[in-house]
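Trainee: For reference, the sequence and a predicted model appear below.
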Amino acid sequence: MNIKNQHLAELYAKVEKRNAGEKEFLQAVGEVFESLSPVADKRPDLIESGVFERIVEPERFIQFRVAWLDDSGKVQVNRGFRVQFNSAIGPYKGGLRFHPSVCSSVIKFLGFEQIFKNSLTGLPMGGGKGGSDFDPKGKSDNEVMRFCQSFMTELQKYIGPDTDVPAGDIGVGAREIGYLFGQYKRIRDEFSGVLTGKGLTYGGSLARTQATGYGLCYFTDNMLKKKGDTFAGKTVVISGSGNVAIYACEKATQLGAKVVAMSDSNGYVYDANGIDLAVVKQIKEVERGRIKEYAARVPGAVYTEGKGIWNIKCDIALPCATQNELNGDDAKALIANGVKYVAEGANMPSTPEAIEAFLANGVYFGPAKAANAGGVATSGLEMSQNSQRLAWTFEEVDNKLCGIMKSIFENASAAAKEYAQEDNLVAGANIAGFLKVAEAMKAQGVL
Ligand code: NDP
């Protein structure tokens, strides 16, 4: 950790003590504090009003038991979470993650990051996140429904369309959002925009499914343009094969690139001819199967068990699976193979060592907070449509998304230029996202 400002360095030591053992959360705070050092130097008023101390402490952290019956009638117990981190600029907003790795550290890191990401979108949304250590993999639809109903029975006490608006994340897709929404409606007797990522028949927005992956490519396209470059003819590697990865692959391909590899938590496929996305969608979206099956269906494709996707030569790498999936050695392998652009679709997929290596070696790096903000931005657009009782066309939403990603890129670049170096989008995104929230917190007094 290299936090230059003394106030922030001392504060980080306190955060470390108070959140002992929460490594993901501490990693996220450390990275933001590194970036914010020049801001703290220039803005003693923010130190005086305790903005830094307050922003690292969630406004509310809720943990609850989720008991449900499996198909054999046996009682199962999971842990549910919601962190309502910061509401300075709008109602709490952030996804729900269902994955066995979910714990308070993971939820807090995601909620903390969400504050800055949501601010960057320019829309009025505070930061929140939630989820459970429940694993939907291998469960029947009925089991998933019973789990979601039990989860929402507790969560509904704390959320609402003007209070806290959850969405999907890892393990929470259209099916889960449907069950969660149904249970909220039943208990509260209210049809409202309390969740985003809803189905199109009950208040969802067109282009929300595509938004994070498309937005990632729009952001990357801005990075490319800045360097006088385009997606056309580029070789791209994408990790993951979930919602973000699939639509990143679709847009990158539409923009003229060739995506040669995708993965899941078991391994990765390499297809020198370019990934056939229809096959991936069939396996992942329809059959809920494994990426391994791609190699069995597409002649010439090769499946490799385990990690190693970052050893594949590419011009552009888009990590779209999960946190800390790309470490220092992976970064070195990518750099040795000539990677020029890395943009994060997942949240915090690159370790601090990896980011350091990219920045030191002139790889143009788009951090998650900025690069994957298209998902939550489009959720914000879904909230607007719900409030107005209107539905915009796909093109309207997609055009707005494209404009938002451009302005995020420009704002992050401008903040980087003012406080660090123009190409350091890590610093730029953290600073631009922070400043808006900080001004609002200061204006609203000590809360
Ligand atoms: P999905 O559940 O749809 O897909 C996740 C993908 O990542 C799957 O291919 C999954 O493989 C893989 N994965 C998950 N955990 C691990 C792991 N521990 N190791 C290796 N691979 C793993 O989730 P999303 O696509 O929605 O989310 C992906 C990332 O993008 C997350 O970091 C999420 O927070 C972030 N994000 C998502 C947004 C959205 O709108 N959906 C918005 C902004 C960020 P497997 O099936 O084997 O588990």
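Mentor: Yep, it's here. Just so it is clear, the model here is predicted, and its values are computed rather than measured. Residues are numbered from 1 along each chain as shown.
Trainee: what sits against the closest residue to the ligand within the stretch 201-350 of the chain?
Mentor: Going by CB to the nearest ligand atom, the ligand is nearest to G242 of the stretch 201-350 of the chain, at 1.7 Å. (Each C-beta comes from the backbone N, C-alpha and C, glycine too.) Contact analysis of G242 by CB atoms under 8 Å, 6 or more residues apart in numbering lists 170, 264, 284, 320-321.
Trainee: Over to L255?
Mentor: Per CB under 8 Å, 6+ apart, neighbours of L255: 217, 221, 230-232.
Trainee: That one and K225, how far apart?
Mentor: 11 Å (CB to CB, to the nearest Å).
Trainee: Kindly report the same for D398.
Mentor: In this view, D398 and K225 are 18 Å apart by CB to CB.
Trainee: So for those two, which residue has more residues nearby?
Mentor: Between D398 and K225, D398 has the larger neighbour count (other CB atoms under 10 Å), namely 19 against 13.
Trainee: what about that one, helix or strand, and which?
Mentor: helix 394-419 (DSSP states H and E).
Trainee: re the thing from before, any chance of the contacts of G242 in JSON lines, with secondary structure too?
Mentor: As requested, those are arranged in JSON lines below (DSSP: H, G, I helix; E, B strand; the rest coil):
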{"residue": "I170", "secondary structure": "coil"}
{"residue": "D264", "secondary structure": "coil"}
{"residue": "K284", "secondary structure": "helix"}
{"residue": "C320", "secondary structure": "coil"}
{"residue": "A321", "secondary structure": "coil"}
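Trainee: Which one (most neighbours) among those?
Mentor: Neighbour max across the contacts of G242 (other CB under 10 Å) = C320, 29 neighbours.
Trainee: Please enumerate the strands of the chain.
Mentor: Listed in chain order, the strands of the chain (DSSP state E) span 60-69, 75-86, 92-98, 126-132, 164-167, 235-239, 258-263, 267-270, 302-305, 316-319, 341-343, 364-366.
Trainee: The first one: which residues count as buried?
Mentor: Applying a neighbour-count criterion of 16 or more other CB atoms under 10 Å, the buried positions in strand 60-69 are 62, 64, 66, 68.
Trainee: Next, the contact list for W310, please.
Mentor: Applying CB under 8 Å, 6+ apart to W310 gives the contacts 237, 239, 317, 326, 330-331, 333-334.
Trainee: Quick one: residues contacting the closest residue to it other than its chain neighbours.
Mentor: In space, and not counting its chain neighbours, W310 is closest to D330: 3.8 Å by CB to CB, 6 or more residues apart in numbering. By CB under 8 Å, 6+ apart, D330 lies in contact with 310-311, 354.
Trainee: K185 now?
Mentor: With CB under 8 Å, 6+ apart, K185 has these contacts: F191.
Trainee: Mind doing that once more with 10 Å?
Mentor: 152, 156, 191-192, 194-195, 202 (CB atoms under 10 Å, 6 or more residues apart in numbering).
Trainee: repeat for Q183
Mentor: 145, 148-153, 155-156.
Trainee: Within reach of the ligand, which of those residues are there?
Mentor: Contacts with the ligand are made by none of those, judged by CB under 6 Å from any ligand atom.
Trainee: Kindly reformat those as TSV containing pLDDT and distance to S350.
Mentor: TSV is the format used below for the contacts of Q183 (pLDDT from 0 to 100; distance: CB to CB, whole Å):
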residue	pLDDT	distance to S350
M145	98	36
C148	98	32
Q149	98	37
S150	98	35
F151	99	31
M152	98	33
T153	98	37
L155	98	31
Q156	98	36
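Trainee: Which residues of the stretch 101-250 of the chain lie near the ligand?
Mentor: So the stretch 101-250 of the chain meets the ligand at 168-171, 212, 240-245 (CB under 6 Å from any ligand atom).
Trainee: Now with 5 Å, please.
Mentor: Residues of the stretch 101-250 of the chain lying close to the ligand by CB under 5 Å from any ligand atom are 169-170, 212, 240-244.
Trainee: what's the farthest-apart pair in these?
Mentor: D169 and S241 (15.6 Å; CB to CB).
Trainee: quick one: contacts for the one residue in the stretch 51-200 of the chain that gets nearest to the ligand?
Mentor: Going by CB to the nearest ligand atom, the ligand is nearest to I170 of the stretch 51-200 of the chain, at 4.0 Å. Neighbour list for I170: 95-99, 101-102, 110, 131, 136, 240, 242-244, 321-323, 346-347 [criterion: CB under 10 Å, 6+ apart].
Trainee: ok, the closest residue to M145 other than its chain neighbours - how many residues close by?
Mentor: Nearest in space to M145, with sequence neighbours left out and distances taken as CB to CB, 6+ apart, is Y179 at 4.8 Å. When neighbours are counted by other CB under 10 Å, Y179 registers 19.
Trainee: For Y179, report the pLDDT, please.
Mentor: In the prediction, the pLDDT value recorded for Y179 is 98.
Trainee: any shared contact partners between L255 and K225?
Mentor: Common neighbours of L255 and K225 (criterion: CB under 10 Å, 6+ apart): F231.
Trainee: OK, contacts around the nearest residue in space to G328 that is not next to it in sequence?
Mentor: Excluding its sequence neighbours, the residue lying closest to G328 (CB to CB, 6+ apart) is E353, at 3.2 Å. Residues near E353 by CB under 10 Å, 6+ apart: 326-332.
Trainee: K234: what's it in contact with?
Mentor: 220, 224, 252, 255-259, 314-316, 340-341.
Trainee: Tell me the most packed of those residues, by neighbour count.
Mentor: T220 (29 neighbours).
Trainee: Would you agree that residue is in contact with I408?
Mentor: No: contact criterion CB atoms under 10 Å: T220 and I408 do not qualify, at 12.0 Å.
Trainee: got any residues that touch both of these two?
Mentor: 366, 371.
Trainee: okay, the residue nearest to W310: pLDDT?
Mentor: 98.
Trainee: so how far is N2 from it?
Mentor: 21 Å.
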